[in-house]
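# Predicted coordinates and the sequence they were generated for:
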There are 2 protein chains.
Amino acid sequence: MANSVKKARKGEATRLQILQVAERDFAELGYDATRLEAIGDSIGIKRAAIFYHFRSKRELFEDVFAGIHSSLVAHTEDRLAGASDPWERLLLLVESWVDFMVARPAAARLILRNCANAEHPDDYSPDFSQNALQMFRDIIADGAATGRFAPSASMHLVNLLSGSILHYVCNPQQLGDDRPYRPDDPAEVALFKSILRRTARAIVDPG
Amino acid sequence: MANSVKKARKGEATRLQILQVAERDFAELGYDATRLEAIGDSIGIKRAAIFYHFRSKRELFEDVFAGIHSSLVAHTEDRLAGASDPWERLLLLVESWVDFMVARPAAARLILRNCANAEHPDDYSPDFSQNALQMFRDIIADGAATGRFAPSASMHLVNLLSGSILHYVCNPQQLGDDRPYRPDDPAEVALFKSILRRTARAIVDPG
């Protein structure tokens, strides 16, 4: 293998490591308190080396969001492949989002933080999630257009379902200290999905 | 009126002003980026004068949360007074939370930020909302104990309903830029409440 190829692969691996640690730090600490030095320390490179891959802290922040977003869309498209009924597509989308967020809790926390930060001058990535939410909205619009879903109420499903998935993953203590749950416990995931299914059914059913 | 009484009233008014501006700034900027100087500037007092009322930025932050929390509990207790049926109490609680958060969006944003910040070293107030969530949990436990609610699934209602109320208030752009809504539009509030009611019914119904 030529040296240049080896070098490129090593560079790509370092880039991915930076993104991974940055996702964790931005999620836990927020934009302002995240330090590039600390990210470098975590993976054994200097702060300056980060600038070889990302022009600025801001660019790194937005690349983290872009990465989460494109992974989520790809993951969801995979799960929806072949399904054409709006109801089936809605359930598959919701379940694939639960699975994605459970497997990647730092991403869930980052998105939840972004929801809270819509008025923040820099700890906010406005373009994030546009495509993912558009998939959701398209399914709902399709269901309404074909008479499968009640038209008026169903747009708030986006809020209701996506919001509660984030809270499920980020706040296992919300049910009380006496009843903490593990968001990645398969039985808890199954119970939570069944609740989302009943919720979706109650709201979209034209009745 | 004695001078000492006048002075005490003026002090109390200043204290409330500080809390109000701090609620807005902590909500929009987060803990780290909030500046006591800027809070002082907003109400025409010096940074040092804030320390007459609050020992530290940390104490101010926690007093903001404590204030939101006790207002929410008092507001909810008012609305629930006289209602004894668990289902009626559940609906009243949910509606009173919607009304509270719609009227006080900075509080909603602060709570949403707090949900996202559960792992943050300082931008997090761990004791917040314990009593408010306990009211919610008590109603659910009561409904389950009396056979009015399905027992297994209902605990996740706390997550589903309270989370979606916060998102409803904080993210009116989530339904798409083509369909922004005003969270305080009475027709939108009524629609959203009807969705929460259907959701609650679908989940707690013993079926």
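That came in fine, so what should we check first? Numbers count the residues shown, from 1 in each chain, chains lettered A, B, ... in the order given.
# Distance from the longest helix belonging to chain A to the middle of the chain?
Criterion DSSP state H: the longest helix present in chain A is helix A:3-33. Averaging C-alpha positions (Cα atoms, centre = their mean, to the nearest Å) puts helix A:3-33 18 Å from its chain's average.
# okay, the angle between it and helix B:3-33?
170 degrees (axes from the mean of the first three to the mean of the last three Cα atoms, to 10 degrees).
# Tell me which other helices or strands helix A:3-33 touches.
helix A:36-43, helix A:47-53, helix A:57-80, helix A:105-116, helix B:3-33 (3 or more Cβ pairs under 8 Å, 6 or more residues apart in numbering or on different chains; DSSP states H and E). In this view, the C-beta of every residue, glycine as well, is placed from N, C-alpha and C.
# name the helices or strands packed onto the helix-or-strand element of chain A with minimal mean pLDDT?
Ranked by mean pLDDT, DSSP states H and E, the weakest helix or strand in chain A is helix A:156-157, scoring a mean of 82. For helix A:156-157, the packing partners by 3+ Cβ pairs under 8 Å, 6+ apart come out as helix A:186-204, helix B:186-204.
# Dump those helices to a markdown table, plus distance to A:G11.
A markdown table is the format used below for those (distance: least, Cβ to Cβ, whole Å):
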| stretch | distance to A:G11 |
| --- | --- |
| helix A:186-204 | 37 |
| helix B:186-204 | 49 |
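# Tabulate those (TSV), appending mean pLDDT and distance to A:T146.
Formatted as TSV, these follow (pLDDT from 0 to 100; distance: least, Cβ to Cβ, whole Å):
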stretch	mean pLDDT	distance to A:T146
helix A:186-204	91	12
helix B:186-204	91	21
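# right, and those - which one's nearest B:K7?
Proximity to B:K7, assessed across those by Cβ to Cβ, is greatest for helix B:186-204 (41.8 Å).
# in the closest one, what counts as buried?
Buried positions in helix B:186-204, judged by neighbour count with 16 or more other Cβ atoms under 10 Å in any protein chain shown: B:188-189, B:191-193, B:195-196, B:198-200, B:202-204.
# So which residues lie in contact with that helix, not counting its own?
A:152-153, A:156, A:160, A:195, A:198-199, A:201-203, B:87, B:90-91, B:94-95, B:98-99, B:102, B:140, B:143, B:148-150, B:153-154, B:156-157, B:160-161, B:164-165, B:168, B:181-183 (Cβ atoms under 8 Å, 6 or more residues apart in numbering or on different chains).
# Weed out the non-buried ones from those residues.
Judged by 16+ other Cβ under 10 Å, buried ones among the contacts of helix B:186-204: A:153, A:156, A:160, A:195, A:198-199, A:202-203, B:87, B:90-91, B:94-95, B:98-99, B:102, B:140, B:143, B:148-150, B:153-154, B:156-157, B:160-161, B:164-165, B:168, B:181, B:183.
# Provide the secondary structure category for the residue nearest to A:E28 when sequence neighbours are not counted.
Spatial nearest neighbour of A:E28, excluding adjacent residues (Cβ to Cβ, 6 or more residues apart in numbering or on different chains): B:E119 at 4.6 Å. Secondary structure, DSSP: H, G, I helix; E, B strand; the rest coil: B:E119 is coil.
# What ranges in chain A fall below the confidence cut-off?
Where chain A drops to pLDDT under 70, the residues are A:1, A:121, A:126-128, A:152-155, A:174-179, A:207.
# care to break it down by domain?
A:1-54, A:57-204 (automatic domain parsing).
# Let me have those domains in a markdown table, extended by distance to B:M135.
Converted to a markdown table, those look like this (distance: least, Cβ to Cβ, whole Å):
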| stretch | distance to B:M135 |
| --- | --- |
| domain A:1-54 | 30 |
| domain A:57-204 | 12 |
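# Pick the most deeply packed of those domains.
domain A:57-204 (a mean of 19; mean count of other Cβ atoms under 10 Å in any protein chain shown).
# Out of the helices and strands packed on helix A:3-33, which is closest to B:N114?
Here helix A:105-116 is closest among these (Cβ to Cβ), at 8.3 Å.
# got the angle between that closest one and helix A:3-33?
Using the same axes, to 10 degrees: helix A:105-116 against helix A:3-33 is 50 degrees.
# Mind giving me the packing neighbours of the helix or strand following helix A:105-116?
Next along the chain after helix A:105-116, taking DSSP states H and E as the criterion, comes helix A:130-145. Contact partners of helix A:130-145 among helices and strands, from 3+ Cβ pairs under 8 Å, 6+ apart: helix A:57-80, helix A:86-103.
# Export those as CSV, with columns for distance to B:A107.
Converted to CSV, those look like this (distance: least, Cβ to Cβ, whole Å):
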stretch, distance to B:A107
helix A:57-80, 27
helix A:86-103, 26
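# so which of those gets nearest B:G30?
helix A:57-80 (14.6 Å).
# so what secondary structure elements neighbour the closest one?
Checked by 3+ Cβ pairs under 8 Å, 6+ apart, helix A:57-80 has helix A:3-33, helix A:86-103, helix A:105-116, helix A:130-145 packed alongside it.
# by how many degrees do it and helix A:36-43 diverge?
Using the same axes, to 10 degrees: helix A:57-80 against helix A:36-43 is 50 degrees.
# chain center to helix A:57-80: distance?
When distances are taken as Cα atoms, centre = their mean, helix A:57-80 is centred 7 Å away from the chain's centroid.
# now the angle from that helix to helix A:86-103?
Using the same axes, to 10 degrees: helix A:57-80 against helix A:86-103 is 130 degrees.
# Dump helix A:57-80 to CSV, keeping only the CA atoms.
Output of helix A:57-80 as CSV, limited to C-alpha atoms (Å, rounded to 0.1, in the frame of the first residue of the first chain):
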residue,chain,number,x,y,z
LYS,A,57,-14.8,24.8,16.5
ARG,A,58,-18.0,26.0,14.8
GLU,A,59,-17.3,23.8,11.7
LEU,A,60,-16.6,20.8,14.0
PHE,A,61,-20.0,21.5,15.8
GLU,A,62,-21.9,21.6,12.5
ASP,A,63,-20.1,18.5,11.1
VAL,A,64,-21.1,16.6,14.3
PHE,A,65,-24.8,17.6,13.6
ALA,A,66,-24.5,16.8,9.9
GLY,A,67,-23.1,13.4,10.7
ILE,A,68,-25.9,12.5,13.2
HIS,A,69,-28.5,13.8,10.8
SER,A,70,-27.3,11.8,7.7
SER,A,71,-26.8,8.7,9.8
LEU,A,72,-30.4,9.0,11.1
VAL,A,73,-31.8,9.5,7.7
ALA,A,74,-29.9,6.6,6.2
HIS,A,75,-30.9,4.4,9.1
THR,A,76,-34.6,5.4,8.7
GLU,A,77,-34.6,4.9,4.9
ASP,A,78,-33.1,1.4,5.4
ARG,A,79,-35.9,0.5,7.8
LEU,A,80,-38.6,2.0,5.6
